[in-house]
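**Student:** Got a sequence here, can you build the structure:
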Amino acid sequence: MKAKATLLIVDDEKNARDGLRTALEETYDIYVASDTQQAMHVLESETIDLVLTDLKMAGEDGLQLIQRTKRLPQPPACVLMTAYGSEKTAVEAMKKGADDYLTKPLDLDEVEMVVARHLKARRLEVENTQLRSRIEPRFGLQEIIGESAAMASVFDWIKQVAPSQATVLIQGESGSGKEMAAKAIHRLSTRKDGPLITVHCAALSPQLLESELFGHEKGSFTGASEKRIGRFEAAAGGTLFLDEIGEIDSSIQVKILRALGERSIERVGGIKPIPVDVRVIAATNRDLKKMMDEGKFREDLYYRLNVIQITMPPLRARPEDIPLLVKKFLEEFSHQNQKQVRGFTQEATEWLLAYQWPGNVRQLRSAVEHAVVLARSEEAGLQDLPPSIVQVPENSGLATMPLSRQLNWEENEKQLILKALLKTHGNRTEAALALGISRRTLHRKLKEYGLEEAGIEKNCRS
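**Tutor:** Reported below is the predicted structural model:
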C-alpha cells in the first residue's frame, strides 16, 4: 500500500470539487474530474483507492460511472454523493455497485469517517488478496506431505502443469500418492470451481465401466430402466480422474481415445454425440510403455494421455519425509480415537525409518493408525506396530530371521535379542546395530527380560 491513499473526486461543480479537495488533501492524494469521461481516464491510468462521485452530472451520471468503475480489473471503493437522498436512491446505488452514499450538503466529519472506513476495508481486502496469491500455490498441495528433493520436484511439476489444460499421466507405485497429486492439480487449476470426478477403473467390469464413464440410455441393456449420465458428463467444467487406467479393457480404451480426440461422447445405446468440456488426469502403477510394446495398451491412447507425465517417488526413496508423515498421521488418528499419542519410542522410530514400506504412504498411514489404537501411553512402541512390519531391517544381516506367529510380542522381542547376540558372539554394540536400536536400548531390554542376570552374553561367547 502507498504512503497515502488516492482519492478521485468527481463532480461537475468546480466549487464542490475544490472544497472537497481542500478538506481531504492533507490526508490523501487527490485527483479530480468534472465528468465520467475524465474520471475513466484517471481510473485507467492511475491507481485509485476510492471514488467520491456526484449523482447528477452532465452526460453519464454517478451510478453509470460506478458501474463502469466496478468492471475494472482492480476496482476502487465507490461512494455516491447526492442531493436527492432517499431510501430508494440508496438501494439503487447499492445495486449498481456503490459501497456507500453521502447526502448533500455534505458533513465533512461524516465524509472523513466514511472515506476512512472504506479505505480500511479496501486495505484489508488488498492484503488478503496478496496473502492468497502467496499461499494458494502451496495450499493446493496441503495434503501431500514432503520436504525431500524428490517431492520438491513433484511439487514444481504440479504447480507448472496445473494451470494448463493438458492431459496428465501420473505414474507410481500403489500407495505413493497419485490420487492426492491429481487432487492438487485440480485445486490449482482454472477448473478448481468445477467438479473433480474420480473413477477407479479396476473396480468395474468392462460393461459397467463403459456405463459409468459414458452413461446409458433407457433400455440400452438389461437393467437399464432409466437414462443415466456418465462421469464424463458429470465432470463438465472440471476434471475427470481415471485411476488405474492400465486395467481398462481394449474396447473402453477406444472410447476414451475418441472422447479425448473429439471432446464428445455417446451414451451406451445412444446415437447422438454429446460435447464434453473436461480435463482428464489418469494414473497407473503399471508400466504403460511396456504394455503398449506388448500390445496390451493402445499406442494412440498412451500418447493422448501422456502429454505430461508426473512420477510419484516411492516412500523408500524419500525416507527423510517419514517423520513428517508420521507426525501428521499421529495427530489425525489421536484426534479420531480421542487419545494422546504424541510420538514413538526411539527404537520404534528407528524401525519406521529402516523399514522399506512396499505399500508406501498408504501402508505407513495404516501402521500409524494401528499403533495409535494399541498404544497404552503417550509414546507408541514397537509392540504397537503391525506384526507384518516388525522385522529386522533388510540391511542388518538378520533379515532372514522369522518372527514366530505363535509367540507374544515380548517373547518375539526376547528371541530376536538372543539371536542377535548369538550372531555377534555377545558383542552388544554389533547386536544393537544389527537390531536397528541403540546400545542403551539394548542394555535396557537385557535388564527388562532378565537376560543380563542370566549370563546370556557369556553363553553367547562360548
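**Student:** Tell me where the model's unsure across the stretch 1-150 of the chain.
**Tutor:** 1-3, 84-87, 127-140 (pLDDT under 70).
**Student:** any chance you could map the strands in it?
**Tutor:** Secondary structure of the stretch 1-150 of the chain (DSSP state E, counting those that start in this stretch): strands at 6-10, 29-33, 50-54, 77-82, 100-103.
**Student:** so which of the ones you listed comes closest to K296?
**Tutor:** strand 77-82 (62.1 Å; CB to CB). Glycine gets a C-beta too; all of them are placed from N, C-alpha and C.
**Student:** Tell me the strands beside the closest one, with direction?
**Tutor:** strand 50-54 (parallel), strand 100-103 (parallel) (DSSP bridges).
**Student:** looking at those, which is buried most?
**Tutor:** Across the strands paired with strand 77-82, averaging neighbours per residue (mean count of other CB atoms under 10 Å) puts strand 50-54 on top, at a mean of 25.
**Student:** who's in contact with it?
**Tutor:** 5-13, 16, 20, 39, 43, 62, 65-66, 69, 76-82, 102, 111, 115, 118-119, 122 (CB atoms under 8 Å, 6 or more residues apart in numbering).
**Student:** Would you check how far apart the residue nearest to V10 when sequence neighbours are not counted and S205 are?
**Tutor:** Leaving aside its sequence neighbours, V10 sits nearest to T53 (CB to CB, 6 or more residues apart in numbering; 4.0 Å). Separation of T53 from S205 (CB to CB, to the nearest Å) stands at 66 Å.
**Student:** quick one: the residue nearest to V10 and P75, what's the gap?
**Tutor:** With CB to CB as the criterion, T53 and P75 are 13 Å apart.
**Student:** Name the SS class of Q165, please.
**Tutor:** coil (DSSP: H, G, I helix; E, B strand; the rest coil).
**Student:** Next, count neighbours for it.
**Tutor:** 10 (other CB atoms under 10 Å).
**Student:** cool, and I229?
**Tutor:** If you count neighbours by other CB under 10 Å, I229 ends up with 14.
**Student:** Pretty sure R191 sits against A236.
**Tutor:** No. Counting by CB atoms under 8 Å, R191 does not reach A236; the two are 10.1 Å apart.
**Student:** Have a look at the two and say which one is more surrounded.
**Tutor:** Higher neighbour count among R191 and A236: R191, with 21 against 16, using other CB under 10 Å.
**Student:** For the more buried one, give me its contacts.
**Tutor:** G237, G238, T239, R279.
**Student:** Among these, name the ones in strands.
**Tutor:** Among the contacts of R191, the members found in strands (DSSP state E) are T239, R279.
**Student:** Put the buried members of the contacts of R191 into a ChimeraX selection.
**Tutor:** Paste this into ChimeraX to select the buried members of the contacts of R191, with burial taken from 16 or more other CB atoms under 10 Å:
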select :238,239,279
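**Student:** related to what we said a few turns ago, show me the beta-bridge partners of the residue nearest to V10.
**Tutor:** Going by DSSP bridges, T53 forms beta bridges with V10, L80.
**Student:** Could you number the chain from 34 rather than 1 from now on?
**Tutor:** Okay, using 34 as the starting number, the last item reads as T86.
**Student:** With distance to I422 as added columns, please give the strands paired with strand 110-115 in CSV.
**Tutor:** Putting the strands paired with strand 110-115 into CSV (distance: least, CB to CB, whole Å) gives the following:
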stretch, distance to I422
strand 83-87, 63
strand 133-136, 64
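**Student:** Quick one: closest of the ones you listed to L479.
**Tutor:** strand 83-87 (76.7 Å).
**Student:** Measure how the closest one sits relative to strand 62-66, angle-wise.
**Tutor:** 30 degrees (axes from the mean of the first three to the mean of the last three CA atoms, to 10 degrees).
**Student:** so strand 83-87 versus strand 39-43, what angle?
**Tutor:** Using the same axes, to 10 degrees: strand 83-87 against strand 39-43 is 10 degrees.
**Student:** what about dumping the CA coordinates of strand 83-87 to CSV?
**Tutor:** What follows is strand 83-87, C-alpha atoms only, in CSV (Å, rounded to 0.1, in the frame of the first residue of the first chain):
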residue,chain,number,x,y,z
LEU,A,83,-11.7,5.3,-3.5
VAL,A,84,-14.0,7.3,-5.8
LEU,A,85,-16.3,10.1,-4.5
THR,A,86,-18.8,10.9,-7.2
ASP,A,87,-21.8,13.1,-7.5
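**Student:** Could you dump the contacts of R224 into CSV with pLDDT and distance to L139 added?
**Tutor:** What follows is these, written out as CSV (pLDDT from 0 to 100; distance: CB to CB, whole Å):
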residue, pLDDT, distance to L139
G270, 93, 48
G271, 94, 50
T272, 96, 53
R312, 96, 53
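**Student:** circling back: write the ChimeraX selection for whichever of the contacts of strand 83-87 are buried.
**Tutor:** Applying 16+ other CB under 10 Å to the contacts of strand 83-87, the buried members can be selected in ChimeraX as follows:
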select :38,39,40,41,42,43,44,49,53,72,76,95,98,99,102,109,110,111,112,113,114,115,135,144,148,151,152,155
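**Student:** After the host helix or strand of K452, which helix or strand is next? Please name it.
**Tutor:** K452 belongs to helix 442-456 when assigned by DSSP states H and E. Per DSSP H and E, the first helix or strand lying C-terminal to helix 442-456 is helix 461-468.
**Student:** After that next one, which helix or strand is next?
**Tutor:** Counting by DSSP H and E, the next helix or strand C-terminal to helix 461-468 is helix 472-481.
**Student:** got the domain boundaries for the chain?
**Tutor:** Following automatic domain parsing, one gets these domains for the chain: 39-167, 182-346, 347-423, 427-495.
**Student:** Report the buried residues of stretch 278-290.
**Tutor:** I278, G279, E280, I281, I285, Q286, K288, I289, L290.
**Student:** and the second one, helix, strand or coil?
**Tutor:** For G279, the secondary structure call by three-state DSSP comes out as helix.
**Student:** list the contacts for it?
**Tutor:** T317, N318, R319, L321, M324, F330.
**Student:** at 7 Å what do you get?
**Tutor:** T317, R319, L321, M324, F330 (CB atoms under 7 Å, 6 or more residues apart in numbering).
**Student:** I'd like to know which of those are buried.
**Tutor:** Neighbour counting by 16+ other CB under 10 Å classes T317, L321, F330 among the contacts of G279 as buried.
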